[in-house]
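Q: no sequence on this one, just coordinates:
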């Protein structure tokens, strides 16, 4: 006797399409096929040579259809994502260690190892005199008061310009822009 068990399968193969290499939804070709398992058994009940016969049982192995799908593990979009992740991690690490902003350029290394924060703070205090954020000028009509307030205002602007030039803005870039403007005016 023979027992035959049949199961249905579907194989989805990728075609040669540009979508498959970039990482979009792939174009697939569907191929249905069957698999079978054959088992032979000897019938021992009847040994008479005139009554020899065979029994063939065909039955489904499973009612579940298996689908095998081709899939690329590395695509162009995966590669861009990998590079973006590495770039993000390296940028974050650099910002943590060395700082990012122009107004606060000191990261962990400069603050703890080289003590840049304390030296810069002491240099700021010696170079620039302390000034308040808001210092409202009096609206007196006296000419002497106007001259004093003009001097105060000029001193504040000079101090602010010095601070911005040394600690916030790239001064070389601004000087280059200023030179270009002067050249355009002269020519």
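A: In hand now; what should we look at? Predicted model, so just to flag it, every value in this text is computed and none were measured.
Q: The worst-scoring helix or strand of the chain on mean pLDDT: what's the following helix or strand?
A: Lowest on mean pLDDT, DSSP states H and E among the helices and strands of the chain sits helix 116-127, with a mean of 66. Downstream of helix 116-127, the next assigned helix or strand under DSSP states H and E is helix 143-163.
Q: which parts of that next one are buried?
A: residue 149 (16 or more other Cβ atoms under 10 Å). Any C-beta I mention is one placed from the backbone N, CA and C, and that applies to glycine too.
Q: ok, residue 83 to residue 77 distance?
A: In this view, residue 83 and residue 77 are 11 Å apart by Cβ to Cβ, to the nearest Å.
Q: buried sites along whatever helix or strand residue 38 lives in?
A: According to DSSP H and E, residue 38 maps onto strand 28-40. Applying a neighbour-count criterion of 16+ other Cβ under 10 Å, one finds residue 28 buried in strand 28-40.
Q: Which residue, other than its chain neighbours, is closest to residue 26?
A: The spatially closest residue to residue 26, leaving aside those adjacent along the chain, is residue 20, at 4.6 Å (Cβ to Cβ, 6 or more residues apart in numbering).
Q: Return the residues in contact with the one you found.
A: Counting by Cβ atoms under 8 Å, 6 or more residues apart in numbering, residue 20 touches 14, 26-27, 72, 75.
Q: Most neighbours among the residues you listed, which one?
A: Among the contacts of residue 20, the one with the most neighbours (other Cβ atoms under 10 Å) is residue 26, at 19 neighbours.
Q: Alright, calling it a day.
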